[in-house]
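# Have a look; sequence and predicted model below, questions after that.
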Amino acid sequence: MNNARNSFDIFCFHRVLPESEYDSLSNDEKAFSVTIDYFESFLKFASNNYEFKSLNDVISTLDNAFPKCHITFDDGYKDNLKYALPILKKYSAPATIYVADKMISRDISKPVNLSSLNIDDFLSWDEVQALDNEELIEIGGHSSSHKILSSLSKDQLVDEIKNSKKVIEDNLGHSINHFAYPYGGKGTYNIETIECIKDSGYKTASTAICKKFDLRKDLYELPRYFVTQNCSPQINLARFSGISNLIKHQLLP
Ligand SMILES: [Zn+2]
C-alpha cells in the first residue's frame, strides 16, 4: 500500500438527489450535492477498494490490514433518508449523519451558509429517529446552530457543543459519540473548541481538511475528503489517495 495513503479514509457528503432536483440547484448548492447515480457509483467503486467500517469499529481496532473507509453526511438532509439510505444498505456501508439540533427542531427559520436555504429540506426529529434505528446509521453532533465555533465565547461554545449534544441525546434516548465541526476548515475550530468537545464526552471530531493523519493521535481532528459530483469516483479516489494527502489540502466548508 502506498505510504502516502491513510489506512482509513472518511468521505464527506451533504446531499444526495435525483438528477432533476440536482439540476435545479444553484451552483453553490450543487457544490454540496451529488446525484443518486453518482452516489451509487461512488459506493460501488469504494466497495472494491475499501472495507466499509463504522467510526466505532475503526477507533476500537486500529489495524492497518486493508484500507477502510467511512461515509459521512453533514447537516442532516431529508434526502439522506430518502435517497442515500437505500444505497448505503445495498452496499452495507455504515454512515454517520451529523445534525445541528436547531435545524432539526426548526428553531432557525432560515438556515445560513448551508447547502440548502430551505429549512424543509432538513430532517425532522421523527426522521432522525428513523435513521438512528437503522443498524448502519449513527447520528452525530454538528453543533446547535451551525456557527463558526472558533468565533464563540466559552458560554456560547457550551451551548453549541455540550447542550446541543444533550438535546440530540434526549431526542434519541441514548448517548452519541461523534461530532463534526461546522464548516470544518482550518481556523473554524481551535484548542478551546477541541477541549469543549472532549469535555462533552464526544469520542471523535471530524474536520473538512484532507491530510495524512494518525488515528491514535488525531481523533479530534479526523480528516475528511469532500466528494464532488464533477469528478468521477475513480478520479476522486485517486485524488484522495495521492497528492491531497501530502499537501494538507484545505477543503471547502
Ligand atoms: Zn455543516
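Structure received. Numbers count the residues shown, from 1 in each chain.
# Do a quick rundown of the strands in the protein.
Secondary structure of the chain by DSSP state E: the strands cover 8-13, 15-17, 33-35, 51-52, 68-75, 95-99, 137-141, 178-180, 204-206, 225-226.
# For the ion, find the nearest of those strands.
strand 68-75 (4.0 Å; CB to the ion). For the C-beta atoms, the positions are set from N, CA and C on the backbone; glycine is no exception.
# near the ion, anything from the closest one?
Yes. On the criterion CB under 5 Å from the ion, strand 68-75 is in touch with the ion at 74, 75.
# Report the buried residues of whichever helix in the chain runs longest.
For the chain, the helix that runs over the most residues, judged by DSSP state H, is helix 36-49. By neighbour count on 16 or more other CB atoms under 10 Å, the buried set for helix 36-49 is 36, 38, 39, 40, 41, 42, 43, 46.
# Can you tell me which of the strands of the chain is nearest to residue 130?
Taking CB to CB, strand 137-141 is the member of those nearest to residue 130, at 9.2 Å.
# Can you name every helix or strand that the closest one contacts?
With contacts defined as 3 or more CB pairs under 8 Å, 6 or more residues apart in numbering; DSSP states H and E, strand 137-141 has these neighbours: strand 95-99, helix 125-132, helix 164-172, strand 178-180.
# outside of that strand, which residues touch it?
With contact meaning CB atoms under 8 Å, 6 or more residues apart in numbering, strand 137-141 is reached by 54-56, 72, 85, 88, 94-99, 101, 128, 131-132, 161, 164-165, 168, 172, 176-180, 202, 206.
# Give me the buried subset of those residues.
Here, 16+ other CB under 10 Å leaves 54-56, 72, 85, 88, 94-99, 101, 128, 131-132, 161, 164-165, 168, 172, 176-180, 202, 206 buried among those.
# before we move on, the earlier item: need the strands of the chain in TSV (columns: mean pLDDT).
Shown next, in TSV, are the strands of the chain (pLDDT from 0 to 100):
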stretch	mean pLDDT
strand 8-13	90
strand 15-17	97
strand 33-35	95
strand 51-52	93
strand 68-75	95
strand 95-99	98
strand 137-141	98
strand 178-180	98
strand 204-206	96
strand 225-226	86
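# Quick one: those as a markdown table, columns for distance to residue 187 too.
Shown next, in a markdown table, are the strands of the chain (distance: least, CB to CB, whole Å):
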| stretch | distance to residue 187 |
| --- | --- |
| strand 8-13 | 18 |
| strand 15-17 | 25 |
| strand 33-35 | 25 |
| strand 51-52 | 31 |
| strand 68-75 | 18 |
| strand 95-99 | 19 |
| strand 137-141 | 20 |
| strand 178-180 | 16 |
| strand 204-206 | 15 |
| strand 225-226 | 17 |
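# Quick check: which of the ones you listed is nearest to residue 109?
strand 68-75 (16.0 Å).
# quick one: strands adjacent to the closest one?
strand 8-13 (parallel), strand 51-52 (parallel), strand 95-99 (parallel) (DSSP bridges).
# Could you dump these into JSON lines and include distance to residue 136?
Formatted as JSON lines, the strands paired with strand 68-75 follow (distance: least, CB to CB, whole Å):
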{"stretch": "strand 8-13", "distance to residue 136": "14"}
{"stretch": "strand 51-52", "distance to residue 136": "9"}
{"stretch": "strand 95-99", "distance to residue 136": "6"}
